[in-house]
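**Student:** The following block contains a protein sequence and its predicted model.
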Amino acid sequence: FFMDYYLLTDLAARVGYHLALSGAETFRVEETIRRIIGAYGIECETFSIPNCVMVSLEAANGKPLMVMKRVGFHGNDLESVEKLNALSRRICAETPDPSVAAQWLDETLKGRRHYSVPVYYLGNFCAAAGFCPVFGGTLRDSLFAGLLGLIIGFVSRQMDRRETNPFFSTIVEAFAMAVPAYLAAGFHLVDYIDFVIIGTLMILVPGLLITTSMRDIIYGDTNSGINRIVQVLLSAFAIALGTAAAWRVTSGVYGMTVASGSASYPAWAQAVMIFVACTGFFILFNVHDWGSILCALGGVFTWMTYLLCRDLGMSIYSMNFFAAVVSALYSELMARSRKYPVTSYLVISLLPLVPGAGIYYTMSLGLGGDVHTYNFGVNGSYYWNLRGDTIFSINAGAATVDSYGNHDVPIFERLYLGGPYNMRGFRFRDVAPYNPALSGDETMGGRSSFFCQFEYSIPVIEEVRVAVFYDIGFVNGDSFDFSTSKIVSDYGI
């Protein structure tokens with residue numbers, strides 16, 4: 001057949017444009033364009049960044065031809081990514097006339113499925129309600145978080161209709177969610193406000209952008225990866241702004257943003273919660289058919305790996321690393337066996353590791369100027385120079401922190417031990433009351449602490465010494481509580 005170079009170039013660019021518009025990775029956009037045109041025996045150059053797709057080639061008459069598409073707002077439409085990926089495979093296998101392939105593209109775009117509005121709201125409810133108890137909320141908190149998820153869903157639809165800038169849209173959504181949350185806490189309608197808000201904020205955390213940015217960087221598309229990371233940071237900043245503004249508005253009713261305590265659940269219950277949350281997200285990300293259940297199961301496997309690593313005593317970094325490895329392996333296996341893009345499986349299975357709590361506590365830290373706390377602390381050291389230039393030393397310290405008024409001591413003002421400056425045999429900030437339900441082995445801090453270090457060092461060569469040490473200490477949850485029931489110790493060289 002006669003080759004219409006312009007129609008072929010435009011076809012490939014349109015496929016790439018809709019892939020980018022749906023949230024596909026940069027390398028997938030470029031590779032799809034290259035494969036479609038290459039299937040017709042034509043070499044081309046492609047270039048894609050998150051807001052632009054370009055393709056150029058040399059026509060049979062020797063003249064250059066280039067098509068550029070500007071990409072607007074990026075959605076989370078993984079159904080489109082899968083359909084367009086299948087279309088590109090079909091075009092490469094059958095190489096029809098470009099006009100026929102263009103008809104196939106139009107049919108594919110018209111045939112994309114979308115969940116109904118009630119199901120969309122169900123997705124918002126499940127996503128928030130599922131994650132809330134995983135972070136430490138009660139079942140009552142989970143129900144209230146689901147209701148807040150409905151608020152985010154409603155506001156999001158209104159913002160999308162008005163084509164509001166995503167940055168300002170996220171601020172409004174976070175504010176609209178956080179105001180009733182803090183008011184409910186002020187009237188004691190929820191148990192742990194922190195976890196209610198964190199679970200609901202997971203809807204706004206840009207999980208797809210986080211995943212695609214890392215994959216772009218891994219595949220060498222550094223510019224696109226950095227571009228997406230900037231979008232992630234802006235989204236996190238918008239979430240913090242909206243939540244902080246809501247706290248300011250409601251501070252007369254609620255007060256501080258940090259609740260004490262948490263609920264905990266066995267691993268099987270957390271698995272159910274994660275499945276519910278990921279079910280909500282496969283609705284929000286528009287994943288359909290049997291693959292949607294497999295995506296949610298991937299989230300369960302990822303979280304179970306995380307909990308297993310925690311029980312084995314691994315650090316928070318190792319826990320996240322091995323959980324991410326399991327998620328990646330599972331996603332690749334599903335993608336290759338089912339001939340679907342890995343994006344859907346990877347994005348949803350990684351969601352339990354997305355740092356929603358970090359964004360919230362960063363916002364709390366930013367509000368630290370109005371913290372109603374006071375603290376006392378004392379430290380002292382003494383050194384004895386012994387024979388042979390050996391040194392024996394004792395270093396000790398004690399501290400306590402408390403609040404005044406009807407305020408709790410925020411997490412960033414609490415006391416911790418562990419690390420090279422006090423309890424050297426423990427990881428940094430590892431000696432303190434902790435909450436396994438919130439973030440594995442991440443400690444929540446205490447209000448009273450004491451430590452004492454004993455050290456004996458001998459010289460080896462100039463400016464190099466070898467020391468043996470013995471450290472003892474404790475961190476208690478209450479202010480002015482210096483009881484030794486939770487004392488720990490360590491020794492080493």
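**Tutor:** Thanks, I have the structure now. Residues are numbered from 1 along each chain as shown.
**Student:** can we go C-alpha only for contacts and neighbour counts from here?
**Tutor:** Will do.
**Student:** Over to His74. Which of the three states is it?
**Tutor:** What DSSP: H, G, I helix; E, B strand; the rest coil gives for His74 is coil.
**Student:** what sits against it?
**Tutor:** Taking CA atoms under 8 Å, 6 or more residues apart in numbering, we find His74 in contact with Ala20, Leu21, Ser22, Gly23.
**Student:** if you skip the residues just before and after it, what's nearest to it?
**Tutor:** Leu21 (4.8 Å; CA to CA, 6 or more residues apart in numbering).
**Student:** helices or strands next to the longest helix seen in the chain in the packing?
**Tutor:** Ranked by number of residues, the top helix in the chain under DSSP state H is helix 222-250. Using 3 or more CA pairs under 8 Å, 6 or more residues apart in numbering; DSSP states H and E, the elements in contact with helix 222-250 are helix 166-186, helix 207-218, helix 356-366.
**Student:** Neighbour-wise, give me the winner out of the contacts of His74.
**Tutor:** Ala20 (28 neighbours; other CA atoms under 10 Å).
**Student:** Go ahead and confirm it touches Pro50.
**Tutor:** Yes: at 6.7 Å, Ala20 counts as touching Pro50 under the criterion of CA atoms under 8 Å.
**Student:** Need the residues touching each of those two.
**Tutor:** Thr26, Val71.
**Student:** ok so, going back, and the contacts of His74 as JSON lines, adding pLDDT?
**Tutor:** Below are the contacts of His74 laid out as JSON lines (pLDDT from 0 to 100):
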{"residue": "Ala20", "pLDDT": "90"}
{"residue": "Leu21", "pLDDT": "90"}
{"residue": "Ser22", "pLDDT": "89"}
{"residue": "Gly23", "pLDDT": "84"}
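**Student:** helix or strand for Ile33, which one?
**Tutor:** Element membership of Ile33, judged by DSSP states H and E, is helix 26-38.
**Student:** Can you point out the buried residues in whatever helix or strand comes next after that helix?
**Tutor:** Later in the chain than helix 26-38, the nearest helix or strand by DSSP H and E is strand 44-49. Along strand 44-49, these residues count as buried under the neighbour rule (16 or more other CA atoms under 10 Å): Cys44, Thr46, Phe47, Ser48, Ile49.
**Student:** Distance from the chain centre to stretch 56-67, please.
**Tutor:** 43 Å (CA atoms, centre = their mean, to the nearest Å).
**Student:** For it, C-alpha coordinates in PDB please.
**Tutor:** What follows is stretch 56-67, C-alpha atoms only, in PDB (Å, rounded to 0.1, in the frame of the first residue of the first chain):
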ATOM      1  CA  SER A  56      10.600  13.000  13.700                       C
ATOM      2  CA  LEU A  57      11.600  10.900  10.600                       C
ATOM      3  CA  GLU A  58      12.800  11.200   7.000                       C
ATOM      4  CA  ALA A  59      10.100  10.600   4.400                       C
ATOM      5  CA  ALA A  60      10.700   8.700   1.200                       C
ATOM      6  CA  ASN A  61      11.300  12.000  -0.700                       C
ATOM      7  CA  GLY A  62      14.100  12.800   1.700                       C
ATOM      8  CA  LYS A  63      12.300  15.600   3.400                       C
ATOM      9  CA  PRO A  64      12.200  15.700   7.300                       C
ATOM     10  CA  LEU A  65       8.900  15.300   9.000                       C
ATOM     11  CA  MET A  66       8.200  16.100  12.700                       C
ATOM     12  CA  VAL A  67       5.000  16.000  14.800                       C
END
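**Student:** And the contacts of that stretch?
**Tutor:** Residues outside stretch 56-67 that contact it (CA under 8 Å, 6+ apart): Tyr5, Tyr6, Thr9, Asp10, Ala13, Ile42, Glu43, Cys44, Glu45, Thr46, Met54, Val55.
**Student:** can I get the residues you listed in CSV with distance to Phe426 and pLDDT?
**Tutor:** Shown next, in CSV, are these (distance: CA to CA, whole Å; pLDDT from 0 to 100):
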residue, distance to Phe426, pLDDT
Tyr5, 66, 88
Tyr6, 65, 89
Thr9, 60, 92
Asp10, 60, 93
Ala13, 55, 94
Ile42, 61, 90
Glu43, 58, 90
Cys44, 57, 91
Glu45, 54, 91
Thr46, 52, 92
Met54, 53, 93
Val55, 55, 93
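**Student:** Out of those residues, the closest to Phe469 would be?
**Tutor:** Nearest to Phe469, judged by CA to CA, of the contacts of stretch 56-67 is Thr46 at 61.3 Å.
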